[in-house]
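> Okay, here's the prediction I keep looking at, along with the sequence it came from:
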Amino acid sequence: YYSNQQQQRQQQQRQTRSNKHDTMKTEFTPPDDPGQDEHAPAKQTYRSRTALEITALRADPKEWELSRSDPYKASPESFYERYTVTVDSESGDRATEIKLFQTARPHMRSLHCAWISFFLAFAIWFAPAPLLQEIKLTLGLSKKEVWTASITNDCTAIVMRIIVGPLCDQFGARIPMAVVLCLASIPTAMVGLVESATGLALIRMFIGLAGSSFVMAQFWPSRMFSREIAGTANGLVGGWGNLGGAFTQVFMGSVLFPLFKSLYEDENSEAVTAEKSWRKICVIPALAAFIWGLILPWISDDAPMGNYGQMRKTGSMDRIFFTTALRRTATINTWILYV
């Protein structure tokens, strides 16, 4: 008797599963693109939400549930609708994967903008270094005076890194990076005006501002990528960016300087030819960094969900003041890392 009842229940369960399967097959509607499923990445991301739309979406529980179930869907607080990389909606839409050959906004565009900016910043920071021997001969400087100029260059970078850190907390990495590139490129272009040891020390002191770009280059990927892959993203940006220093050594000393010397080879003196060359070639990396600094704010984002100014208007993030950020970072852990 009990055996027959068990067999009947098993048969009913099989029939129920079969009916459910048939219903799902009947009600399923294939997507417009047969090769694209509903959780596939967007072909492109675009900013189409307004502040009012974000406010309305944020109050809808269904939108939050959709963003959790679809790894490519943006959170209701984001100015984007979908991303081309998988994201973690619980950590501010930070990306959980890196696609190096993509340039889509916001994640991969920011990664590439970060390392290119860091590369150019290091290029102008080290631009005078390959020319120091020629500058020393032209101006009749001592070895001590040249070393003094190099020390002022590093001191500025150290001080400015402490300052731009809280600025990144308040404004994001995009704007500070653009400002640093534009400002540091001006004294780089003025290297050719140096006439004394004091002038060289002052010029290199202001060029040292470019060294603070390291902070933005590390802050930006950490803002865009989840902690599981933030180290990889930071390594890519830091490694490729540091190539700017090595590239400058080769480009300025082995390419531009001989090229400009060949343009002035009709001069009567070798010393005059060398002087005219080193006084002009620093303008080239300075111009490249300045132009990139002007373009950068318009082609990138502060965070996965948009820019800081927009996010504050919609209530997606709180305003952090410079003094507050500086005070919060002055902890025992900070000093341990410093030492």
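Structure's in. What do you need? Numbering: from 1, shown residues only.

> For residue 228, give me the backbone phi and psi.
Main-chain torsions, residue 228, degrees, to the nearest 10: phi -70, psi -30.

> And for residue 287, the neighbour number?
Using other Cβ atoms under 10 Å, residue 287 is surrounded by 14 other residues. C-beta coordinates here come from the backbone N, C-alpha and C atoms, glycine included.

> List phi and psi for it.
Given degrees, to the nearest 10, the pair of backbone angles that residue 287 has is phi -70, psi -40.

> show me what contacts residue 178?
Neighbour list for residue 178: 117, 293-294, 296-297 [criterion: Cβ atoms under 8 Å, 6 or more residues apart in numbering].

> Can you list which of these are found in strands?
Among these, none falls in strands (DSSP state E).

> Now render those residues as CSV, adding distance to residue 77.
Converted to CSV, the contacts of residue 178 look like this (distance: Cβ to Cβ, whole Å):
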residue, distance to residue 77
117, 27
293, 29
294, 30
296, 24
297, 22
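
> ok, now how distant is residue 93 from residue 67?
Taking Cβ to Cβ, to the nearest Å as the criterion, residue 93 is separated from residue 67 by 8 Å.

> Next: residue 94.
For residue 94, the distance to residue 67 - Cβ to Cβ - is 13 Å.

> Sketch out the low-pLDDT regions of the stretch 201-339 of the chain for me.
Within the stretch 201-339 of the chain, the ranges that satisfy pLDDT under 70 run 266-268, 317-330, 334-335, 337-339.

> The stretch 51-200 of the chain now?
When residues are selected by pLDDT under 70, those of the stretch 51-200 of the chain lie in 51-59.

> ok, and the closest non-adjacent residue to residue 163?
residue 212 (7.4 Å; Cβ to Cβ, 6 or more residues apart in numbering).

> So residue 87 sits against residue 68, correct?
No: between residue 87 and residue 68 there is no contact under Cβ atoms under 8 Å: 10.6 Å.

> Quick one: the helices in the stretch 151-300 of the chain, in order.
With DSSP state H, counting those that start in this stretch as the criterion, the stretch 151-300 of the chain has helices at 174-189, 197-207, 213-224, 230-250, 257-263, 270-281, 283-299.

> by contact count, what packs against the longest one?
Think helix 230-250. Using 3 or more Cβ pairs under 8 Å, 6 or more residues apart in numbering; DSSP states H and E, the elements in contact with helix 230-250 are helix 107-125, helix 213-224.

> returning to what we had before: among the contacts of residue 178, find me the one that's closest to residue 185.
The nearest member of these to residue 185, counting by Cβ to Cβ, is residue 293 at 6.9 Å.

> Out of the contacts of residue 178, who's the most crowded?
residue 117 (28 neighbours).

> now that residue, nearest residue through space, not along the chain?
Residue 117 sits nearest to residue 177 (Cβ to Cβ, 6+ apart), 5.0 Å away.

> Can you report how many residues neighbour that neighbour?
Using other Cβ under 10 Å, the number of residues around residue 177 comes to 30.

> dump the residue contacts of residue 116.
Taking Cβ under 8 Å, 6+ apart, one finds residue 292 in contact with residue 116.

> and it, how far is that from residue 103?
Using Cβ to Cβ, residue 116 is found at 11 Å from residue 103.

> One more: residue 97?
According to Cβ to Cβ, residue 97 stands 15 Å off from residue 103.

> Tell me which of those two has more neighbours.
The residue with more neighbours, out of residue 97 and residue 103, is residue 97; 16 against 13, by other Cβ under 10 Å.

> Next up, the contacts around the more buried one.
85-86, 229.
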